[in-house]
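>>> Predicted model and sequence below, questions to follow.
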Amino acid sequence: MKIARKYRVIPYGRFSSINQNDLSIEAQVAQCRKAAEGKGWEFVEDHLFSDEARTGATIFGRDGINDAIARVKSKDRDWDGLIVDETSRIARNLSDLLRICDIFTHHKAFIYFVSRGLDTRDPHFRDLVIINGQRDEGALTNLAYEVHRSQVHRVENGLVPCGRCFGYDHDLIEDLSRLKWGRPVIVGVKYVINKDEAIIIRRMFDLRGQGYSYRKICRALKDEGIKRTRLYKQRRLDCWTQSTIGKTLSNRRYLGIIPFNHTHQSRDPETGKKVAQPSDSSEWIEKVVPELRIISDEQWERAHSHSKASKERTSGWWGGIMRADTLFTSVLRCGVCGGSFTIVSGNLNDVRKGYYGCMAKRQDDACKNKLTIRRDRLEKQLLSGIVEALSMPVATDHMIKEFKIALEDEFAKRSREVTSTEISDHKQEKVELERAIHNLLELAEKDGLASSPSIASRLKENESRLAAINRRLQTEPLDSPDLSVDHLRLFLAEQSANLVSILTGDVSTARLALLKHIGKIKMFPEDNNYRAEARIKLFVGDEEFYPRLFAQLNLIGKNVSQLCDFFSVSVSALLRPMWREERIQQKALTKDSRGRFTFKLKS
């Protein structure tokens, strides 16, 4: 008699927009729970995988599904499958959906889709899921087409297609005959000129027509007391910037024209990010709305004739001189405003004539940090400070302490995974399997059915399951490792030596090592000098890092492979608590009460 197995399944849920109700995932989980109970499966709700406000067009940036993929590859996985409400929750891209299903199948796990009753273990699953996947992918394509069609219709009627624009307010067009949630339905939005902002726009065009650069326009507006009236999410600067001035001066809406479809967005299949690409000029739409005009044609021509002449004068200069490849390119950040800290003056090709400073201060006068430091002095002092900090005993002790705490916590957590209830269920199933195998052997011997294919198949299936249960019962709980501080210290010394050799070698390789082990370095001005702050992360690496670490720590045993798999999958999640901000101090190396180290650079 075949023994029915009680599978353990974990739910996955996703909703795609921040405007959707976050209770959507709860509803999906409820459907999955009902389906699991109907099939007699064990529903493990405590380990829910979920993605909130994430598109199904790509798996990039979706921690929930990526975590499920990583966990299914783990050798000590204690669940059998993933249960999902419908195929579109996994992905609305057919290739992604098929790839995820193939990964689960390869690692002896399954995915069950409740709405369609699809199971990856079904021989006809692939044919059926392709049909559903094409429907899900088509729904996304149709939605994009319908949204674009609606935007084109709005533009042709002189309405706002999307977003806000400086210089205009929004006037809602309501249909009083239709109500939604007790309020009239909004059928469109019109632009209305904001008189105060229109004055600022005309001032910008006049200054540009007089030959002012973008930087001088920013300073002129600041001197005249004209403040920026709208702040945006990215940096929230309360001052004018050169990029803002440039975008304002190139906006054709101020001529009374609503431009649309000059660009279109395409998702990069390698990064999952949307990239704006220029559309063919034949697809452009420009609706003339005279009542939206803010500037005259003469103002536009004067401003853009100067921009064209300025572009011709500076052609080739910015790309040639202002893009030097240095060790700290894209690594340094201003500690005052958080902006880029790079070479802002001098000759970038000469280490003695280039000066580092805050780019926000240099370009837009948007930061109070006006202190600069010569390139050779910064790079020499900063590099020597990092090298010295890597050999500090107090820093090594701090990292070893944090690592031991994190590792012991993980061992304690995983030792509780095998509960007494699970062991009891396995023992009961083992007895039933042994009885079934014994009965099959007696039946074969008594009735002469030893050569029967069905009997042989059932015997093989039961024996395979019995062997798996025996392996599970023989697996001892993970004990907290007895880590040797000397071993950890030797390992850190090796890591430090390797990092130092990399930092003093090839520039591009050294910069990657800086970003990996130290991250961003913040520069704070103090008494005409700079104080550098950075985080030191030596317990970090690729998938081969932790197996090598445990081998050096002499953690040899039957549970080491499982432990290595876990660390190579969830490194950041486990070790983040010990990545506290380490500050480095040159010469007088001291640690404060928060375990941080500092050092100063002389400018």
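Thanks, I have it. Numbers count the residues shown, from 1 in each chain.
>>> any idea which helix or strand comes after the host helix or strand of residue 28?
Assigned by DSSP states H and E, residue 28 belongs to helix 24-39. For helix 24-39, the following helix or strand on the C-terminal side (DSSP H and E) is strand 42-43.
>>> I'd like the distance from that following strand to the chain centre, please.
In terms of CA atoms, centre = their mean, to the nearest Å, the centre of strand 42-43 is set 31 Å apart from its chain centre.
>>> Give me the contact list for that strand.
Contacts made with strand 42-43 from outside it, assessed by CB atoms under 8 Å, 6 or more residues apart in numbering, are listed as 6, 7, 8, 9, 11, 32, 33, 36, 37, 83. To be clear about C-beta, it is placed using only N, CA and C from the backbone, and glycine gets the same treatment.
>>> May I have the helix holding residue 28 exported as PDB, CA atoms only?
Listed in PDB are the C-alpha atoms of helix 24-39, where the atom choice follows Å, rounded to 0.1, in the frame of the first residue of the first chain:
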ATOM      1  CA  SER A  24      -3.700  41.800  -1.100                       C
ATOM      2  CA  ILE A  25      -1.000  39.500   0.100                       C
ATOM      3  CA  GLU A  26      -3.100  38.400   3.100                       C
ATOM      4  CA  ALA A  27      -5.900  37.500   0.600                       C
ATOM      5  CA  GLN A  28      -3.500  35.500  -1.500                       C
ATOM      6  CA  VAL A  29      -2.100  33.700   1.600                       C
ATOM      7  CA  ALA A  30      -5.700  32.900   2.700                       C
ATOM      8  CA  GLN A  31      -6.300  31.200  -0.700                       C
ATOM      9  CA  CYS A  32      -3.100  29.300  -0.500                       C
ATOM     10  CA  ARG A  33      -3.900  28.100   3.000                       C
ATOM     11  CA  LYS A  34      -7.300  26.900   1.900                       C
ATOM     12  CA  ALA A  35      -5.900  25.000  -1.000                       C
ATOM     13  CA  ALA A  36      -3.100  23.400   1.100                       C
ATOM     14  CA  GLU A  37      -5.600  22.200   3.700                       C
ATOM     15  CA  GLY A  38      -7.800  20.700   1.000                       C
ATOM     16  CA  LYS A  39      -4.800  18.600  -0.200                       C
END
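>>> which strands and helices sit next to that helix?
The criterion is 3 or more CB pairs under 8 Å, 6 or more residues apart in numbering; DSSP states H and E, and the helices and strands that helix 24-39 contacts are strand 8-15, strand 42-43, strand 81-84.
>>> quick one, that helix and strand 8-15 angle?
Here helix 24-39 runs at an angle of 150 degrees relative to strand 8-15 (axes from the mean of the first three to the mean of the last three CA atoms, to 10 degrees).
>>> Helices along the stretch 251-400 of the chain, start to end?
Taking DSSP state H, counting those that start in this stretch, the helices of the stretch 251-400 of the chain run over residues 297-313, 317-321, 359-364, 375-390, 393-415.
>>> These: lowest mean pLDDT?
Looking over the helices of the stretch 251-400 of the chain, mean pLDDT reaches its minimum on helix 317-321, with a mean of 41.
>>> Check what contacts stretch 261-269 and list those residues.
57-58, 152, 273-279, 283-285.
>>> Please repeat the previous calculation with a cut-off of 6 Å.
By CB atoms under 6 Å, 6 or more residues apart in numbering, the residues outside stretch 261-269 that reach it are 274, 275, 276, 277, 278, 279, 283, 284, 285.
>>> Off-centre distance for that stretch?
On CA atoms, centre = their mean, the centre of stretch 261-269 falls 20 Å from that of its chain.
>>> What are the buried residues along it?
When neighbours are counted by 16 or more other CB atoms under 10 Å, the buried residues of stretch 261-269 are found to be residue 261.
>>> Closest to residue 192 out of the contacts of stretch 261-269?
Checking the contacts of stretch 261-269 against residue 192 by CB to CB gives residue 285 as the nearest, at 21.2 Å.
>>> Count the neighbours of the closest residue in space to the closest one that isn't next to it in sequence for me.
Once its chain neighbours are removed from consideration, residue 285 has its nearest residue in residue 260; the separation is 4.4 Å (CB to CB, 6 or more residues apart in numbering). The criterion is other CB atoms under 10 Å. On that basis, residue 260 has 20 neighbouring residues.
>>> list the contacts for residue 260?
Counting by CB under 6 Å, 6+ apart, residue 260 touches 155, 161, 285.
>>> Could you save those residues as JSON lines and add columns showing pLDDT and distance to residue 364?
Supplementary listing: the contacts of residue 260 in JSON lines, determined by pLDDT from 0 to 100; distance: CB to CB, whole Å:
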{"residue": "155", "pLDDT": "92", "distance to residue 364": "32"}
{"residue": "161", "pLDDT": "90", "distance to residue 364": "30"}
{"residue": "285", "pLDDT": "92", "distance to residue 364": "33"}
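>>> Longest helix in the chain, please.
Using DSSP state H, we find that the single longest helix of the chain is helix 125-156.
>>> In that helix, which residues are buried?
Buried residues in helix 125-156, counted by 16+ other CB under 10 Å: 125, 128, 129, 132, 133, 136, 137, 140, 151, 154, 155.
>>> before we move on, the earlier item: so of the helices and strands packed on helix 24-39, which one's packed in deepest?
Across these, the average number of neighbours (mean count of other CB atoms under 10 Å) peaks for strand 81-84, which reaches a mean of 25.
>>> now for that one, which elements pack on it?
Under the contact criterion of 3 or more CB pairs under 6 Å, 6 or more residues apart in numbering; DSSP states H and E, the helices and strands touching strand 81-84 comprise strand 8-15, strand 110-113.
>>> Of all those strands, which one is nearest residue 396?
Smallest distance to residue 396 across the helices and strands packed on strand 81-84 (CB to CB): 39.7 Å, for strand 8-15.
>>> What's the mean pLDDT across that closest one?
pLDDT averaged over strand 8-15 equals 93, rounded to a whole number.
>>> hmm, who's touching that strand?
Applying CB under 6 Å, 6+ apart, the contact partners of strand 8-15 are 24-25, 28-29, 32, 36, 41-42, 44, 47-51, 79-84, 89.
>>> among the helices and strands packed on strand 81-84, which is nearest residue 498?
Within the helices and strands packed on strand 81-84, the stretch nearest residue 498 is strand 8-15; the backing value is 39.0 Å (CB to CB).
>>> Could you list the paired strands of that closest one along with their orientation?
Partner strands and pairing direction for strand 8-15 (DSSP bridges) are strand 42-43 (parallel), strand 49-52 (parallel), strand 81-84 (parallel).
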